[in-house]
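Participant: got a structure for you, letters missing:
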Ligand SMILES: Nc1ncnc2c1ncn2[C@@H]1O[C@H](COP(=O)(O)OP(=O)(O)OP(=O)(O)O)[C@@H](O)[C@H]1O
Ligand SMILES: Nc1ncnc2c1ncn2[C@@H]1O[C@H](COP(=O)(O)OP(=O)(O)OP(=O)(O)O)[C@@H](O)[C@H]1O
Ligand SMILES: [Mg+2]
Ligand SMILES: [Mg+2]
């Protein structure tokens, strides 16, 4: 199953020792994988932003049907090789509709990336808030929030997503809804990580010192804890992002993704599966994109993690031999 | 195979460089060292002087860290840098064996200690499993583990610190090495246990005739355990010679400085200052339990204390005796399970966090660990400024000015306001901690082992700062430490804590010179001492 | 458009009894209780177990749209202006346990279908049988229905509220299967219904997920000329992905060689392949079931109250795009009539708004101008959010893109599949413009036109299928008149004429009639596809 | 310990209770009338009304929920007379659609999902821990980079793509494996195994990436610890250190995470079950949501929620046990 938070791995949950902010960039830049991942992500973001211009450069838009390009008797597969690749349709056309695949994929990048980023943002915001409150609050509050988190983690995400999507009025913008649904159903992991971190951090002497200095709980959370939580949270978010990209695809596969004719990678992928033999290009393109994207996020996230963790540098070799 | 007269350790011009992000750290610089079979050598020096690096390079343990080792090293005729396979195995364990500092983390927590020793034995001797186990029991017995056959099946956490260190020494002995390398084998232990371990090492050496290389920053330990010492500073050997001679009549200024910084249990403190008799803080029957019913631990068990205005109360006791718990209760960071705490006539116990906050400024604390007590993501200036802001001093310029004053007060450069903790040394960080404690203008500061993480020279400087502050500002101090000597240096009165109870309390000189309680006597007897007359 | 010619080459080889036929399906064969089935002509798998008074003729093509006797000696004797129908049972009819089948059991079977616990059957019993409107079934109301009489164990008489010439067609429904009262286990009956047909249920796992049928020793081919029942065992497996089903049938390895599917059309992958693969092409059966997918208007909602707007949309529609979205020309035929294109329904070819295959945007624009929308028009098209049905987003976007050329901007409004049909079939929630479809309960114009266009069937509280809320007394009268005819051919003619008359009003825009293309395993013989069901008849299939 | 377990159980019960309330609430907000849905579109108002009464849907939501809770412990009877349906405790209600007891429906499908989840767990543990181990043994070399990229590839592909590709490759082209189907273990263990192999592998390919990473990082963490240095200093070989000391330490987090994942798998194998046509809980769930079969949905959420919560408890206990043995200092 693809919907659901990544596990609270030890790497993500472990106390990442505070590192000075500046050298992180230097350390990141010096990693080839991180660099490659970063470049891919930047390209993807650029593609998403420039979708209208890219489609215009090709001379196509993502919604116009091209019936003449299809072999209707053969189920609507595109005429020609590789799913109808031609000078005017760079990546061919969609079987069954004849819509331009290139235009749909670049427009799809907008939705897919936006939903993934938005959902991650929601997960992180809610997760951090709940985790901090649980970690700093009274025992009663902690227990209540911990149970709430358990409920969140126990909810069969997909089913609830199905139900939630059905409840919300049709007029609600779909990408936002997807963000909210994936985000609101998936903050449990972040909350757990943050709570565990907070429980560790709040025992630290500098938090005790802040209390002695007369700081209120809110101030302690803001000034003393949040900065130290940034590293594990960023690390965890980097793990969540690819999962959320795949979640969007999963929900689309179950028919509750973005609404047609809007295109998203998940949407394309879910329709593409029935065409795998007749038009393999059509399946492989979005699958490859999804793969490259999640890979880029994962690789970059990994690199951020180890850049934030100064111990990792010496740990690459597992210490002395 | 090797000539018996060949030195056990033969090091000449040893240089170790660690490449780091911005350059190179030279940990050891052209060091010469020789150790004959059966001889005992101590390496002393302040933190970061390269002692451990030398010890590690003897066994080739620097491999994989990227260290560059040049010069000549022979250990039992083997070059640890190039040895591979069978030769490396012979070097590690058979020729030389290492005893590490932290006895808990140096053992696999998941395996029975007997199995761990047996594993080492089997790596060197073609013994069946059973025989290896028997050997493990044998060495455990040898290092004084009572009921060794049964205890061999225990996992490390089921042993006390001292017993764990015995296990490690047992492991070192398992293959009858010609050289034992011990890197700070007693720093993690209490004085009483420390004495036992040193005695054990001594005995082992006498029996097996193995050579000993003892790395320590504690000159007192070196004084009692080895015949020769080598003093290191910044990777270089500063002075070396017979222990008695180097420690009693040092030639080099560095050695002298090192020695003079060592607090001494037997040195009486400067004439007592006049302190008021006015009671500032009164603790009555403080008790604190941890854990749930049934498995509860009583960390502090009915402690009554008074702290008078402007005086220093020393609190000593071995690890786990409840010192930190008591200190945190005194400043209101930890609510007591029972008992009363009265500050200047105001009852503190039972106040909620909100009601307590205005009173907080009166009671401050300096923490033991200078790394953990400062937020690594905030500048030191901000950390010191926080209590000022919380006390309602909104004017940023005024706050900044006051912080600079405070930094200067504790001997820091006021321009360091915007530095981050990692840019400071341990001693400097501890000074920031003191400045922060001073910021709200408290009347009492509890110092929880403020110097035990520091090396002797830095330790002396920080103690000086505290003394100054007290003299100038008249704040009362509760000074917690396990090091009896430091406490004697600074306190007016001292309380000896054992298992959560105060066993003895009184003016410092009385307690140290004429201890009434037997436990105090044991403590004092176990304290390692420099040879009498050193530096006098 | 279809004929027996398009059928399997395997029919040449003589069929032999024996073997196991595997059925690979997506949907489970659930509610396996004769009271709860809603099938056309007694269904496919159900008709192997449930014999009914009449049944569909098991022949290919047009011949298959005839109704023939099954348990009864004939297709029924009407009297009193087709309001009373009398049937007599054949001799020697037995259940799987050897006991004799009586008309009382048939009456009981019909009564059971009224029980609120046993939902799912068609609505005709309540509508047609006299005094049945509020009947609660035999569990609450053991007296039974007075309008069904069983004067003797071999005779059964039905009294109807109104003339119904199609009663013999209704008598093919599984509700007419006999249920021995003594063996009735209520809702549990589905686990092991007592068989009157050639097979009995050996196991029924998880409500039809996996159903195994084996020969019923007491069934006799003598009394049942329709069912051939060649295989010894029928193994119905469901819950499979459509791609997997077609893949397995194409591969035909192991038991899949003797496999068929009753609910999965060929996918585009296979369609593309069969054009180049003779062996595979020979294993494809083509069928037509009376079904029409259409655009529905709610004429009470602006601007669809304006006939010109509806006509403009009818002219603008690009049926090529829609057909492609429905799987291409092999799986859908463009429709201009509401009635399916089969003689049995009374099909009369006509096109009131001739616009060619790709639509006539110019004509549409002109009509829009006349209607007062010279600058184009924005409308909302409601559809289901699932592509599993033909009223899903694929078709909707094709309609959307087609209407764009005529200056009609279509906004899409997706309703979750679970609530879609309730939304469009309730007057309170009915949208103005939406996708819908209608299928035949039996091959006759009556059940096709009446629910959709009979003004008296506008239901305020409950399911309403007259989406246009069309109420023309003349049409209503004609429906009544034709319903009373017992001459099917004569009735068909009049249904066709009525369809053409209604079509001119542009109350719906017919889009396409689906075509069934089904692959069978390589060992499957005697593939018979009638135009009644459109899919191969399991009772005729042989695997040896 | 018993106190701890008791509190844990009460906590679990509370979580499940809240879960059922949430699901009830969501479904009452959802559009669509379950009675009409269950009855069929051609049902008239009279029938729908009768059915509503029969199903108890005419009562207020709270009353319905109350009946549900009581029924859970005492059993319930729906309707009356000859057609009365009895639902034995623990009664999760009866399906609106099929009138079957929800409990029976779930227990009938549970073995499928359990087989799927447990088998997948075995495969992902073998794959994940194996890969992690190998990448640690070969760290810094090409093998490690290859393995790391491969495991990353696993996480980056949705199950419906991986599954489909495997299906095509092994069942359609190569024909090495039968098309997946479920045969009960008790009926034919061999067919059970072959029929589920592909689903296991598909799920495991996706999950194992996580485990490879976890194993690898936990082992590297251990390898950097002081006690490893001790054994290095005594001449113990690298392979021995990795397999004897480091692997051991990585097992607790791996097993704890497995417990969690196994729990979630009960409610989340929807896509896999759909793709491979396995009649498990996931398919039942999607089918029931689509037809608003509330009792089945609530029952499923409770049962799958139970597994998740129980798995969480198991994971916690594992950690607690491991911790007590290792961390607690005298
Ligand atoms: N792996 C390493 N990478 C970089 N620098 C190192 C490394 N190990 C040691 N150093 C540096 O080498 C110097 C000597 O370190 P070493 O550990 O030998 O000191 P030490 O005398 O043992 O100190 P202490 O008493 O604190 O243990 C220090 O400056 C230290 O920072
Ligand atoms: N938060 C806690 N939870 C449970 N037990 C605790 C806690 N804090 C302290 N203890 C226990 O209370 C006892 C006293 O601890 P405390 O930290 O006060 O000792 P200490 O004298 O400061 O020791 P050290 O010299 O090692 O710092 C110990 O047995 C310790 O394990
Ligand atoms: Mg050292
Ligand atoms: Mg302490």
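Facilitator: Arrived safely, thanks for sending. Just so it is clear, the structure is predicted and the values come from calculations on it, not from any experiment. Ligands and ions are numbered 1, 2, ... in the order given.
Participant: give the residue spans of the stretch 151-300 of chain A that score low on pLDDT.
Facilitator: A:154-156, A:158-159, A:163, A:165-166, A:170 (pLDDT under 70).
Participant: and the residue in it that chain B sits nearest to, how far from residue B:431?
Facilitator: Distances between the stretch 151-300 of chain A and chain B by Cβ to the nearest Cβ are smallest at residue A:213, namely 3.2 Å. Placement of C-beta: from N, CA and C, glycine included. Going from residue A:213 to residue B:431 by Cβ to Cβ, to the nearest Å gives 17 Å.
Participant: again, but for residue A:108
Facilitator: Taking Cβ to Cβ, one finds residue A:108 at 59 Å from residue B:431.
Participant: ok, now residue D:101?
Facilitator: From residue D:101 to residue B:431 the distance is 74 Å (Cβ to Cβ).
Participant: ok, back up a step: residue contacts, the nearest residue to the residue of the stretch 151-300 of chain A closest to chain B once chain neighbours are set aside?
Facilitator: Closest residue to residue A:213 apart from its sequence neighbours, by Cβ to Cβ, 6 or more residues apart in numbering or on different chains: residue B:387 at 3.2 Å. Applying Cβ atoms under 8 Å, 6 or more residues apart in numbering or on different chains to residue B:387 gives the contacts A:212, A:213, A:214, A:215, B:361, B:436, B:439, B:440.
Participant: show me what secondary structure element comes after the helix or strand containing residue C:86.
Facilitator: According to DSSP states H and E, residue C:86 maps onto strand C:84-88. Remark: after strand C:84-88, the chain's next helix or strand is helix C:103-112, criterion DSSP H and E.
Participant: which elements pack onto that following helix?
Facilitator: Contacts defined by 3 or more Cβ pairs under 8 Å, 6 or more residues apart in numbering or on different chains; DSSP states H and E place helix C:103-112 against strand C:148-152, strand C:155-159.
Participant: who does the first one pair up with?
Facilitator: Yep, that's strand C:148-152 we're talking about. Taking DSSP bridges as the criterion, strand C:148-152 forms sheet pairs with strand C:155-159 (antiparallel).
Participant: the more surrounded of residue D:101 and residue B:431?
Facilitator: A count of neighbours by other Cβ atoms under 10 Å in any protein chain shown puts residue B:431 above the other of residue D:101 and residue B:431, at 27 against 24.
Participant: part of a helix, is the more buried one?
Facilitator: Yes. Under DSSP: H, G, I helix; E, B strand; the rest coil, residue B:431 falls within a helix.
Participant: distance of it from residue B:47?
Facilitator: Residue B:431 is 16 Å from residue B:47, by Cβ to Cβ.
Participant: and for residue D:56?
Facilitator: 77 Å.
Participant: in contact with residue C:530, which residues?
Facilitator: C:56, C:57, C:58, C:59, C:60, C:61, C:63, C:64, C:65, C:287, C:537.
Participant: and whichever strand or helix holds residue A:231, anywhere near chain B?
Facilitator: Using DSSP H and E, residue A:231 maps to helix A:226-253. Yes. Judged by Cβ under 8 Å from any Cβ of the partner chain, helix A:226-253 comes into contact with chain B at A:227, A:228.
Participant: is chain C contacted by that helix?
Facilitator: No. Using Cβ under 8 Å from any Cβ, we find that helix A:226-253 stays clear of chain C, coming within 11.0 Å at best.
Participant: ok, then the element right after that helix?
Facilitator: Downstream of helix A:226-253 (by DSSP H and E), the next one is helix A:265-272.
Participant: counting contacts, what elements does that following helix pack onto?
Facilitator: So helix A:265-272, by 3+ Cβ pairs under 8 Å, 6+ apart, packs with helix A:101-136, helix A:226-253, helix A:280-308.
Participant: as TSV, the ones you listed with distance to chain D and mean neighbour count would be great.
Facilitator: Below are these laid out as TSV (distance: least, Cβ to the nearest Cβ, whole Å; neighbours: other Cβ atoms under 10 Å in any protein chain shown):
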stretch	distance to chain D	mean neighbour count
helix A:101-136	12	23
helix A:226-253	5	25
helix A:280-308	4	22
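Participant: looking at those helices, spot the one closest to residue C:465.
Facilitator: Evaluated over the helices and strands packed on helix A:265-272, closeness to residue C:465 peaks at helix A:226-253, with 31.7 Å, by Cβ to Cβ.
Participant: helices and strands around the closest one, which ones?
Facilitator: helix A:10-13, helix A:101-136, helix A:157-167, helix A:174-185, helix A:188-201, helix A:265-272, helix A:280-308.
Participant: quick one: which of those helices is nearest ligand 2?
Facilitator: helix A:188-201 (11.9 Å; Cβ to the nearest ligand atom).
Participant: which residues does the following helix or strand past the closest one contact?
Facilitator: Proceeding N to C from helix A:188-201, the next assigned helix or strand is helix A:205-212, under DSSP H and E. The contact list for helix A:205-212 (Cβ under 8 Å, 6+ apart) reads A:201, A:219-220, A:223-225, B:328, B:331, B:333, B:360, B:363-365, B:367-369, B:372-375, B:383, B:386-387, B:433, B:436-437.
Participant: how does it look with 6 Å?
Facilitator: A:220, A:224, B:333, B:360, B:364, B:365, B:367, B:372, B:373, B:374, B:375 (Cβ atoms under 6 Å, 6 or more residues apart in numbering or on different chains).
Participant: quick one: which of those residues is nearest residue B:504?
Facilitator: Out of the contacts of helix A:205-212, the member with the shortest distance to residue B:504 (by Cβ to Cβ) is residue B:365, at 24.3 Å.
Participant: that's a helix at the closest one, yeah?
Facilitator: No. Going by three-state DSSP, the assignment for residue B:365 is strand, not a helix.
Participant: roughly how far apart are it and residue B:373?
Facilitator: 9 Å.
Participant: returning to what we had before: mean neighbour count and mean pLDDT added to the helices and strands packed on helix C:103-112, as JSON lines?
Facilitator: Shown next, in JSON lines, are these (neighbours: other Cβ atoms under 10 Å in any protein chain shown; pLDDT from 0 to 100):
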{"stretch": "strand C:148-152", "mean neighbour count": "15", "mean pLDDT": "93"}
{"stretch": "strand C:155-159", "mean neighbour count": "21", "mean pLDDT": "95"}
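Participant: mind checking those for the one nearest to residue D:288?
Facilitator: The nearest among those, by Cβ to Cβ, is strand C:148-152 at 35.6 Å.
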